[in-house]
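Student: below is the sequence, then the predicted model.
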Amino acid sequence: MKRVLIISPHFPPVNAPDHQRIRMALPYFEDNGWNADVLAIHPETISAPLDPSLLELLPENFSPHLTEALPLSLSRIPGLGTLSGRAFHALKRTGNKLIKSRKFDLIFFSTTQFGVFTLGPYWKQKWGIPFALDLQDPWINFFYRDQKIKPPGGVIKFQVQQWLAGIQAQKTIPAASGLCAVSEDYINYFARQEMITSSCRQITLPFAFSEQDWAAARKQTSTLPWHHIDPSAHHWVYAGRGGDDLIPCLRALFRSLANSPARSKPLHLWFIGTHYGIRDNIKNPIEILAAECNCPNVHEIPQRLPYLEALHIMNQSDGLMVPGSIDPRYQPSKLIPLLASGKPLLALAPDTSPCAKLMEEIAPENLITYSLPFKEAGLSEKLSQLWQEEAFQLPDISENTMNALSQREAAAATVRLCDFFKHCTAHA
C-alpha cells in the first residue's frame, strides 16, 4: 500500500470548493492501493464560512492533520493577505514532521492557494519525494488584463500577485512529477511556456459528483427560499459564484426574458452563494442588473449556504442554470454534480471553452454556445427562440447523459486519480 500526503489548506468543516475533489475521493483511496493523509489548516484561522454538515460526508474515523495559520488579524500586512501567505510556514513545519515520521511516496497539492505549491520543490529536494499539482483554477490569469476589467482587490495588487505567481510557477512546474487539472487549458499554458518536463504526467480531471452527497441532500428538510411564493410558480436555480465575467451573459438572459411572451405560470430565477468573486462594495449586483433589464422575479442570496442545503434547494427546483462567462477558459466546478442531479438544466458557455467541450461530449441538448468576443445580440436571439413557447421548461437530462456520467462519479474518478499517482511515482 502506497501513501500520499495531500496538501489541502481548506478542509471540512470549511465551506470552500477547492477541497471537494479530495473529500469525495477519500472513501476510495484504499480500494485503489493508497493510504491518504491530509494536511489542512485549522478552521479557526481561516476566513471562509464553516459548514459542520460537511463533516458528516467524511469517512468514519478519518481526521486530517491540522496546523494553525497566522491570525486573521495579521492579514492586512503585505504578504499575509492570503491564506497561503499566512499558512505557508505552518504547513512547511508540520509537513516536515509528518514526512519525518512516516514514509510518503507522493505529495499532492489540491488547492487554489497557489502560494503553497512552492513547498513541492522544497520537499522534493529535502526528502526526495515527488510531488504533483492539482490546478483547479488558472495559476496565471490573463482574463482581467485581456478584458480590461478591474480585478478583485484592484489592479496594482493583482499585478503584483500575478508577477509573484509567474516567479513561483517557473520554480515549481519544471520540478513537478505530475499535473492534474480541471481544464486542459490550465496545463496547456505551461506547455506553451516550455515549463513541463517530458517525464511529467498530465491528466485532465474535472470535478466528479458524489451520489452520497445527493442522497444526503434528499434527506434535508430546510425551508426553501420560495416557500412564501405562489406554489404554482416555476423556480430555476443557479448556485455558485458571481463575478464580472458573468455579467454580459446574465444581461442577455435577463433582457431576453423581459421581452419574452407572458407565461401562464410565474417564473422566478434564484442566484445563490454569489458573493465569491464580487466586489464587496456592491450589494446583490445580479438583482440590480435584472432590475435594469426590467426582468422581474430575480432573487439573489449572496451568502454561501451550507453545502447540503444548497444541494437541497437545487434538488427541489424546477430546473438549474449555468449562466455563462466571457472567459474563454470557463469551466464551472459544479458542472458534473449539476448534471448528475437529474434536474432539467440549461448551460451557456463560450463555444471553444472547456465547459462547452464537456457539455458537447455528454449533454449537448442542454447547451447553448456563443462566440467570443461576446456579442449580446447573438446570445439574446438564441435565448429568445426558447422563450417563444409559453410553457417552456429547461431541457431534461437525457438517459445517455446519465449513462455517460457513471464514469464521472467519485469512485470512478478516484480510480483515474490513483492511476495518475502511480505514474507520478513511477517516473520520479
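Tutor: Great, that's in hand. Every value quoted in this text rests on a predicted model; they were computed, and no experiment measured them. Residues are numbered from 1 along each chain as shown.

Student: look up phi and psi at the nearest residue to Ile46 once chain neighbours are set aside.
Tutor: Excluding the flanking residues, the one nearest Ile46 by Cβ to Cβ, 6 or more residues apart in numbering is Val14, at 5.5 Å. Where you see a C-beta, it was placed from the backbone N, CA and C, and this is true even at glycine. Torsion angles at Val14 (phi, psi; degrees, to the nearest 10) stand at phi -70, psi 130.

Student: wouldn't Val14 be in contact with Thr45 here?
Tutor: No: applying Cβ atoms under 8 Å, one finds Val14 not in contact with Thr45, separated by 10.4 Å.

Student: looking at the two, which one has more neighbours?
Tutor: For Val14 versus Thr45, the count of surrounding residues by other Cβ atoms under 10 Å is larger for Val14: 22 against 18.

Student: so for the helix or strand containing Leu119, what gets flagged as buried?
Tutor: Leu119 is part of helix 119-127 when elements are defined by DSSP states H and E. Buried residues in helix 119-127, defined by neighbour count with 16 or more other Cβ atoms under 10 Å: 119-124.

Student: sheet partners, orientation included, of the longest strand anywhere in the chain?
Tutor: Longest strand in the chain, counting residues (DSSP state E): strand 34-41. Counting by DSSP bridges, the strands paired with strand 34-41 are strand 2-7 (parallel), strand 65-67 (parallel).

Student: report the contact partners of Pro9.
Tutor: Counting by Cβ atoms under 8 Å, 6 or more residues apart in numbering, Pro9 touches 40-41, 46, 69, 83-84, 87, 91, 111, 113, 116.

Student: lowest-pLDDT helix or strand in this protein?
Tutor: helix 143-147 (a mean of 84; mean pLDDT, DSSP states H and E).

Student: buried residues in that one?
Tutor: Here helix 143-147 shows 143-144, 147 as buried, counting by 16+ other Cβ under 10 Å.

Student: same question for stretch 65-76.
Tutor: 65-67, 69-70.

Student: list just the nearest of these to Cys355.
Tutor: Nearest to Cys355 among those: Ala69, at 32.7 Å, using Cβ to Cβ.

Student: surely the closest one touches Pro43?
Tutor: No: with contact taken as Cβ under 8 Å, Ala69 and Pro43 are classed as non-touching, separated by 10.3 Å.

Student: can you give me the helices for the stretch 151-300 of the chain?
Tutor: Under the criterion DSSP state H, counting those that start in this stretch, the stretch 151-300 of the chain contains helices at 155-172, 184-192, 211-218, 247-258, 285-292.

Student: strands of the chain, start to end?
Tutor: Counting by DSSP E, the chain has these strands, from start to end: 2-7, 34-41, 65-67, 106-110, 131-135, 178-181, 201-204, 234-239, 267-272, 298-301, 319-322, 345-350, 367-370.
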